[in-house]
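>>> here is a sequence together with a model predicted from it:
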Amino acid sequence: MSGHDFQIKKLLSADGPLAKWAGFVPRGQQTRMAEEVTKAFQNSSLAIIEAGTGTGKTLAYLLPALLSGKKTIISTGLLNLQEQIFHKDLPFIREYFGGDFQVALLKGRSNYLCLRKMDAIQRKKVNLFTSPQDKEAFNDLVEWSYVSATGDKSEIESQIRSFIKWENLSSSTDDCVGQNCRHFKQCFSLKARKNAQNADLVLINHSLFMSDISLRDEELGQILPDWMAAVIDEAHLLESVATKHFGYSTSNVELMNLSREIVKAAEIWPALERFEDEIHAFSFHCDQLETFFEPFDSEIDLYREDQVWNEKFAGFLSLLKRQARSIADMVVNADMAQTETDDLGVLANRLERVARIVGFIGDHDQSEFVYQADGGGKRVTIQALPMNVAPYLANHLTKIEKTVILTSATLSANGSFRYFQNGLGVDENVPCLSLDSTYDYQGRTLLYIPKHLPAPDEGSKAFSLGIISEIEKVVNLSQGRALVLFTSYFQMKQAYEALNGRLPWRLLLQNQFSRSRLLAEFSKDIHSVLLATSSFWQGVDVPGESLTTVIIDKLPFPRPDRPLIKARSSLLKKNGGNPFKEYSLPETTLTLKQGLGRLMRHEADQGLMVILDNRIWTRYYGRSILKSLPPSPVTSNLADVAKFFAAEPTRGLGGERSAEIF
């Protein structure tokens, strides 16, 4: 056994440094994971580790990373985990394990204040104020900028942010004038990147990681420092983040905002007056994007069987590309003072970016991309998304001789990691380890799947009425304290309209408040009920009595008519695969595991999980789904639910939480 292996075992043993922490109990799963991570660090290899809730996975990879001496990137999918590691886990390691190590938290540029933009507002080159509150909030922000060491928007009090559109003040690649900026040496974004260069551990998110890979792949530079090891936590999110990141996307809102800024610039700078006709023509066409589409609220194919429409839309995008590029050239070649050239150079960069995006989407000649439109409210987004992200990741993540750890609580479906591996292009021979949750699901939870409800495909009205009635019965037994997750906004709204006023508990609805406030209200009002959709299936952490029941309306199968899903399924079938078994079913299983995982966030938690979809009992795939879920007792009898809650006091709730080691 190597020295590091021995060190890890000793650190996590009953007589190690953690023994000083009251209530600490060594966990075999945590030690096993730490040993596997250590091996990958020693061999500069790739490892996939599924660590069930309660394993203590962050400590199991942070300790080997620090012991290795390798410069390590820690990437997370969600902000909650990133902040937990930075503000809780790493200070904990310093206190109990010691060690002289440096850590940097590096976020995307949009999180940092741009001093040049703030200066422009102060000098009244830009006017953002529509009320006295705006002006007061801006003055508070200026005062904050003088004392802030990071310029990170998370430091600003919410009441200041609420009066200010952060995008008008945040740093961005398109708006940056580099060393020509008078604030270059004080730049918050640049300082954060310099701190990352000097750190042993660099905390980032998946999106920033993908940005760095993209720049390196195109040999355009880099965002992150060179690293020898990377730990990708919440790795189940990596494929979807990479898909969006390596695609091309713009919207009618982005185009209209850009056109308004160009029109405003032409009014300020006389040198642009002679381009007035071209600028107004571009502005007019930017407003026309949404006129190509009837109102819709989901993804649809951008190009259709209607060849006339296709040619018309592609021609429209081609015109936008030519206009954007032409105005960019005019702006760059205008005879202006240096400061004005810098400001307009920013607009030229944005015009070039838009020209590149609409040109790629308009050409629509890359067979490995899916071209789609995404609607919602008055916003229309057009996209070109890659069907396969593996080629983008191969040279910088999955096929390199460096340490790479891919970990999450949900990576396997029916005992197999193949779906996850295929999505990222990971070789089959890469070692995969699955560690069960340490929580007592057998003794503290119950899974209720009724058999009597109509199946979702037997008529939406009958199913809808059936599940609303069942939700009411279950929530009355649980005395509220429930998170109800829906697979569609329509079903969520129907349930809210039917149950609002019928339940004796407070009913909360997604989008009623901001996400953070909604979760705060739900946590504070112990007997409340929260109805939500896809964005609440993960990243919700409400330990304790407020979340005692998780109800899921139906199995979250991906919609087969969504362009990306349709294209990936077709490609799989073309290559001899089975789209349902190899794509839809594992995707559904992993999403379901994420949703049900909202219940047990701590060993002292307990409660009920409910799936209101009888296909688990009636379809051949039901058994494989059940096999992948937490090992809870399963029932189809509502009377068992009543008994479960009647026995609740005997199991105890809450209590000491000091033994929870990340």
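Great, that's in hand.
>>> tell me who's in contact with the closest residue to Phe369 other than its chain neighbours.
Residue nearest to Phe369 in three dimensions, not counting chain neighbours: Ala384, with 4.6 Å by CB to CB, 6 or more residues apart in numbering. Where you see a C-beta, it was placed from the backbone N, CA and C, and this is true even at glycine. Going by CB atoms under 8 Å, 6 or more residues apart in numbering, Ala384 touches 247-249, 360-361, 364, 366, 369-371.
>>> buried subset of these?
The neighbour count (16 or more other CB atoms under 10 Å) marks 247-249, 360-361, 364, 369-371 as buried among those.
>>> among the residues you listed, name the ones in strands.
Among the buried ones among the contacts of Ala384, DSSP state E puts 248-249, 369-371 in strands.
>>> could these go into CSV alongside pLDDT and distance to Ser298?
Below are these laid out as CSV (pLDDT from 0 to 100; distance: CB to CB, whole Å):
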residue, pLDDT, distance to Ser298
Tyr248, 95, 20
Ser249, 95, 16
Phe369, 97, 19
Val370, 96, 14
Tyr371, 96, 15
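>>> between the residues you listed, which is closest to Asn500?
Nearest to Asn500 among those, counting by CB to CB, is Ser249 at 36.3 Å.
>>> check contacts around that closest one.
Ser249 sits next to 357, 381-384 when contact means CB under 8 Å, 6+ apart.
>>> which stretches of the stretch 301-450 of the chain form helices?
For the stretch 301-450 of the chain, the helices defined by DSSP state H, counting those that start in this stretch cover 307-333, 338-363, 390-393, 418-424, 441-444.
>>> which among the ones you listed is found nearest to Leu12?
Of those, nearest to Leu12 by CB to CB is helix 441-444, at 23.3 Å.
>>> report the rounded mean pLDDT for the closest one.
Averaged over helix 441-444, pLDDT sits at 91.
>>> ok, and what's touching it?
So helix 441-444 is in contact with 600, 605-607, 630-633, 651, going by CB under 8 Å, 6+ apart.
>>> so, low pLDDT: which residues of the stretch 401-550 of the chain?
In the predicted model of the stretch 401-550 of the chain, residues 458-459 satisfy pLDDT under 70.
>>> all strands of it, in order?
With DSSP state E, counting those that start in this stretch as the criterion, the stretch 401-550 of the chain has strands at 403-408, 432-435, 445-448, 482-485, 507-509, 529-532, 549-552.
>>> and for the nearest residue to Phe513 once chain neighbours are set aside, the neighbour number?
Spatial nearest neighbour of Phe513, excluding adjacent residues (CB to CB, 6+ apart): Glu521 at 6.7 Å. By other CB atoms under 10 Å, the residues close to Glu521 number 16.
>>> now do the contacts for Glu521.
So Glu521 contacts 508, 513, 528 (CB under 8 Å, 6+ apart).
>>> I'd like those written out as CSV, with neighbour count added.
Listed next are the contacts of Glu521 as CSV, based on neighbours: other CB atoms under 10 Å:
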residue, neighbour count
Leu508, 21
Phe513, 14
Ser528, 21
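>>> relative to Val354, how far out is the closest residue to Glu352 other than its chain neighbours?
Once flanking residues are discounted, Glu352 sits nearest to Ala328: 5.1 Å by CB to CB, 6+ apart. Using CB to CB, to the nearest Å, Ala328 is found at 9 Å from Val354.
>>> where does the stretch 1-150 of the chain dip in pLDDT?
By pLDDT under 70, the weakly predicted segments of the stretch 1-150 of the chain are 1-6, 22-23, 125-128.
>>> strands of that one, start to end?
Secondary structure of the stretch 1-150 of the chain, counting by DSSP E, counting those that start in this stretch: strands at 46-51, 72-76, 103-105.
>>> now for those strands, which one comes closest to Phe316?
Nearest to Phe316 among the strands of the stretch 1-150 of the chain is strand 72-76 (38.4 Å), distances taken as CB to CB.
>>> pairing partners for the closest one, with directions?
Sheet partners assigned to strand 72-76 using DSSP bridges are listed as strand 201-205 (parallel), strand 229-232 (parallel).
>>> output those strands in JSON lines, with mean neighbour count and distance to Ala149 appended to each entry.
JSON lines is the format used below for the strands paired with strand 72-76 (neighbours: other CB atoms under 10 Å; distance: least, CB to CB, whole Å):
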{"stretch": "strand 201-205", "mean neighbour count": "24", "distance to Ala149": "16"}
{"stretch": "strand 229-232", "mean neighbour count": "24", "distance to Ala149": "26"}
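>>> is it possible to get CSV of the ones you listed that adds mean pLDDT and distance to Tyr419?
Shown next, in CSV, are the strands paired with strand 72-76 (pLDDT from 0 to 100; distance: least, CB to CB, whole Å):
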stretch, mean pLDDT, distance to Tyr419
strand 201-205, 96, 23
strand 229-232, 98, 17
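>>> distance of the nearest residue to Pro386 once chain neighbours are set aside from Gln222?
Nearest residue to Pro386, sequence neighbours excluded (CB to CB, 6+ apart): Phe246, at 5.3 Å. Here Phe246 is placed at a distance of 16 Å from Gln222 (CB to CB).
>>> have a look at the two and say which one is more surrounded.
Just comparing Phe246 and Gln222: by other CB under 10 Å the higher neighbour count belongs to Phe246, 20 against 13.
>>> that one touches Val389, doesn't it?
Yes: using CB atoms under 8 Å, Phe246 makes contact with Val389 at a distance of 6.0 Å.
>>> assign the residue in the chain sticking out farthest from the centre to helix, strand or coil.
Going by CA atoms, centre = their mean, the residue of the chain most distant from its centre is Arg274, 45.0 Å out. What DSSP: H, G, I helix; E, B strand; the rest coil gives for Arg274 is helix.
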